[in-house]
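> Below is the structure, and that's it, no one-letter string:
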Ligand code: SAH
Ligand code: SF4
Ligand code: F3S
């Protein structure tokens, strides 16, 4: 069959779609780039905010027309929204053939067959442990490859649907991860991105309490990966602040290939809101950990996630968030307007902050961020940076882009030696509010 896969949501979902594509290819299916040419459509969905669900439902609803023109077309919904809504999706969308939960993704080829040959309509949402090992294939790894080292989440932040739709946190074995990494590096991957909802809790058996200062299976894994010949860079996302103990910080500071950028979700700068969110840190403990990390790794950059308009968030709470964000001087921030998720704890709290106020707070943080980013980029002028070359700039075909280990993108004019996935030295010669331009100097 010709299969079209559309992905919503986070990097974990992108990774899952890639693994599903690889399973389909192994069974002789072909992955295609448009809905029109496909015999089957798979929507790999997200539930994290209401808007994410609405978008996917809108799109799937619209496919009814295509199915009317192509009666044999199979339509499946997979991933987090599939897990959350299960059978209800079949009722809501009569042209839908099947629903595949997050613990069943590895069975996609079999479900496609069932839907196509037996004309069955069904929802498979029982979690299976096989998903952990069944999703290690790669369809489109290039110089960049991704490995899901954990699945699920046990943290239960009060606003978050992920623990309900992704299930309990489980870690892959170190042997499994290393074998997958080796396979990727052998096939030309130069940069590895390790994925997990609570990635630094890797190997702790799902216990969310921060381990002793000398214990970090995640650090041990990073050290093993650091030794892989041919691999140039290692990134990871998203870690939770409490797992950066002495052991992990030592590794981050000494490992050669681990990039000096940490995506460290803050969510809020107010202790009252952090407690209501069930985040196990305070403003001060977060800032202290960031300072300890910066001491150990002087060129470290941070990026973050923040939620505005959580239930009960006052002007003062918001001011505190703004203050911590300015103090942290993040190189990148993702700001989300709070969206109540049925089933998550905070959905029982009244959604007190009006939409206009959420939007206003969102805009204020974005404006702050724009000012800081412009300053940060301007300060890089004249510096020579090592970048991993990514390829032709999507906006200007005469320029290429590369990224520093600290996760800053630089545009430059290529020379004939330029290849994606190689390390090059670039001198920054120009900056504008959102990007840097440099010249190759090696
Ligand atoms: N596991 C990751 C987060 C995954 S969800 C972590 O803990 O870092 C990505 C981001 O979506 C979260 O960091 C949070 O900022 C945001 N988010 C999650 N639930 C949300 C909700 N109900 N409303 C608005 N934003 C939400
Ligand atoms: Fe959601 Fe919190 Fe788990 Fe991240 S750590 S996925 S925000 S519950
Ligand atoms: Fe990711 Fe959305 Fe699921 S953020 S884990 S795809 S709910």
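Yep, it's here. Only a predicted model underlies this, so the values are computations on that prediction, with no experimental measurement involved. Ligands and ions are numbered 1, 2, ... in the order given.
> The helix or strand of the chain with the lowest mean pLDDT: what's the following helix or strand?
Sorting the helices and strands of the chain by mean pLDDT, DSSP states H and E puts helix 131-134 at the bottom, at a mean of 94. Per DSSP states H and E, helix 131-134 leads on to strand 144-148 as the next helix or strand towards the C-terminus.
> ok, and does that following strand reach over to ligand 3?
No - using Cβ under 6 Å from any ligand atom, strand 144-148 stays clear of ligand 3, coming no nearer than 10.6 Å. Every residue, glycine included, has its C-beta placed from N, CA and C.
> Which strands and helices lie in contact with that strand?
helix 11-26, helix 174-186, strand 191-195 (3 or more Cβ pairs under 8 Å, 6 or more residues apart in numbering; DSSP states H and E).
> can you give me the angle it makes with helix 11-26?
Counting by axes from the mean of the first three to the mean of the last three Cα atoms, to 10 degrees, strand 144-148 lies at 100 degrees to helix 11-26.
> what does the stretch 201-350 of the chain put close to ligand 2?
Residues of the stretch 201-350 of the chain lying near ligand 2 (Cβ under 6 Å from any ligand atom): residue 240.
> quick one: the strands in the stretch 201-350 of the chain?
233-237, 261-263, 301-308, 332-337 (DSSP state E, counting those that start in this stretch).
> Out of the ones you listed, which is closest to residue 391?
strand 233-237 (15.3 Å; Cβ to Cβ).
> Give me the helices and strands touching that closest one, please.
strand 191-195, helix 217-226.
> What is the longest helix belonging to the chain packed up against?
Using DSSP state H, we find that the single longest helix of the chain is helix 355-378. Where contact means 3+ Cβ pairs under 8 Å, 6+ apart, helix 355-378 is packed against strand 301-308, helix 315-328, strand 332-337, strand 423-431.
> OK, contacts around the residue of the stretch 51-200 of the chain found nearest ligand 3?
Across the stretch 51-200 of the chain, the shortest distance to ligand 3 (Cβ to the nearest ligand atom) belongs to residue 80, at 3.3 Å. When contacts are counted by Cβ atoms under 8 Å, 6 or more residues apart in numbering, residue 80 touches 9, 13, 45, 46, 47, 48, 102, 161, 162, 165, 166.
> could you redo the last one with a cut-off of 6 Å?
45, 46, 47, 165 (Cβ atoms under 6 Å, 6 or more residues apart in numbering).
> Dihedrals phi and psi, it?
Backbone torsions of residue 80, given as degrees, to the nearest 10, read phi -70, psi -40.
> what about it, distance to ligand 1?
For residue 80, the distance to ligand 1 equals 10 Å [Cβ to the nearest ligand atom, to the nearest Å].
> What score does that residue have for pLDDT?
pLDDT, residue 80: 98.
> per-domain residue ranges of this structure.
If you go by automatic domain parsing, the domain ranges for the chain are 2-124, 131-308, 384-440.
> residue boundaries of the strands in the stretch 51-200 of the chain?
74-79, 98-100, 122-124, 144-148, 150-151, 170-171, 191-195.
> What about the nearest residue to residue 437 once chain neighbours are set aside, how many residues nearby?
Spatially, and ignoring its direct neighbours in sequence, residue 437 is nearest to residue 430 (4.2 Å; Cβ to Cβ, 6 or more residues apart in numbering). Number of residues near residue 430 (other Cβ atoms under 10 Å) recorded here: 13.
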